[in-house]
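Engineer: Provided below for reference: sequence and predicted model.
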Amino acid sequence: MGIALTFDVEKDCPPFFTSTYGIEEGLPKILKLLDKFGIKSTFFVTGDMAEKYPEFISNISKKHEIGCHGYHHESFDEINCEKEKAVKKSKELLESIIDSEVLGFRAPSLQVCNKLYRVLKELGFKYDSSKASFMPSYRNVKVDIPEFKLEIPNVTLRFPGGMTLFKKVCRKSSFPVLFFHSWEAIDMRKLLSRAPKKYCFRPDNWFNTGEPFLKKLRKLLDDFNELDFTLLRDMVK
């Protein structure tokens with residue numbers, strides 16, 4: 001059974017914060033954990049973060065895959081000329097940093113539209129991993145390139161009973177694609193004091209982040225260690 005592990009690399013839980021502790025402190029812990037298990041992963045990086053941390057992203061690309069996560073963390077439930085240019089800019093920037101073609105795309109917040117996929121195809125993307133079975137509002141969006149669908153929300157792993165449900169859903173899938181965020185590896189509760197009320201009322205953005213998340217991720221990888229972890233780009237070559 002094949003399986004893919006992916007991470008979205010962006011600012012700390014956008015649009016609530018502009019800080020980047022998740023990249024500076026959380027991502028190195030994730031990379032260390034992947035090294036321990038000998039697992040390669042796909043990292044979907046926003047252009048603005050690649051521009052801010054080019055050397056870091058370049059180093060990640062030596063072992064793992066880099067995908068595009070838009071330039072800024074903005075919705076693609078509709079797309080205009082400016083957003084199209086931003087995707088193109090992000091793809092070209094990432095390719096200049098890693099000195100390799102970027103094949104995959106993931107829309108921020110997993111929000112997509114029909115026109116987005118026409119744009120992705122025109123820009124040379126070979127696959128997408130934005131559609132999710134738990135977001136039925138986008139179920140009828142037509143995909144013109146190979147799609148690696150997400151089966152279960154990332155936050156499920158962090159809540160009570162989530163580990164069991166996560167494993168159950170993954171083992172039922174023919175090719176499960178797991179997705180998490182770099183900021184989940186830091187304790188987001190430390191930012192609550194300066195967070196807007198809307199964020200505070202969203203425990204999915206801060207509950208069991210930091211060490212509890214890393215502990216559960218470590219347990220998940222250990223339990224799934226017999227599976228064939230695959231980069232998404234290798235599924236379309």
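Structural biologist: Good, I have the coordinates. Everything numeric in this text was worked out from a predicted model, so none of it was measured.

Engineer: wait, doesn't residue 187 sit right on residue 208?
Structural biologist: No - with contact defined as Cβ atoms under 8 Å, residue 187 does not count as touching residue 208 (9.5 Å). For glycine as for every other residue, the C-beta is placed from the backbone atoms N, C-alpha and C.

Engineer: Who has more neighbours out of the two?
Structural biologist: residue 208 (21 against 17; other Cβ atoms under 10 Å).

Engineer: residues contacting the closest residue to the more buried one other than its chain neighbours?
Structural biologist: Spatial nearest neighbour of residue 208, excluding adjacent residues (Cβ to Cβ, 6 or more residues apart in numbering): residue 158 at 3.9 Å. Taking Cβ atoms under 8 Å, 6 or more residues apart in numbering, we find residue 158 in contact with 184, 204, 207, 208, 209, 212, 213, 216.

Engineer: export the top helix by length along the chain as CSV, just CAs?
Structural biologist: Using DSSP state H to define each element, the chain has its longest helix at helix 81-98. Below are the C-alpha coordinates for helix 81-98, written out as CSV (Å, rounded to 0.1, in the frame of the first residue of the first chain):
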residue,chain,number,x,y,z
CYS,A,81,-5.7,37.8,-13.6
GLU,A,82,-3.8,38.9,-10.5
LYS,A,83,-4.2,35.6,-8.8
GLU,A,84,-3.1,33.8,-12.0
LYS,A,85,0.0,35.9,-12.2
ALA,A,86,0.7,35.2,-8.5
VAL,A,87,0.6,31.4,-9.1
LYS,A,88,2.9,31.8,-12.0
LYS,A,89,5.3,34.0,-10.0
SER,A,90,5.3,31.5,-7.1
LYS,A,91,6.1,28.5,-9.4
GLU,A,92,8.9,30.3,-11.2
LEU,A,93,10.4,31.5,-7.9
LEU,A,94,10.3,28.0,-6.3
GLU,A,95,11.9,26.5,-9.4
SER,A,96,14.7,29.1,-9.4
ILE,A,97,15.4,28.3,-5.7
ILE,A,98,15.4,24.5,-6.0
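
Engineer: Would you mind listing the outside residues contacting it?
Structural biologist: Under Cβ under 8 Å, 6+ apart, the answer for helix 81-98 is 45-47, 50-51, 54, 57-58, 61, 66, 68-72, 74, 76, 101-102, 105, 119-120, 123-125.
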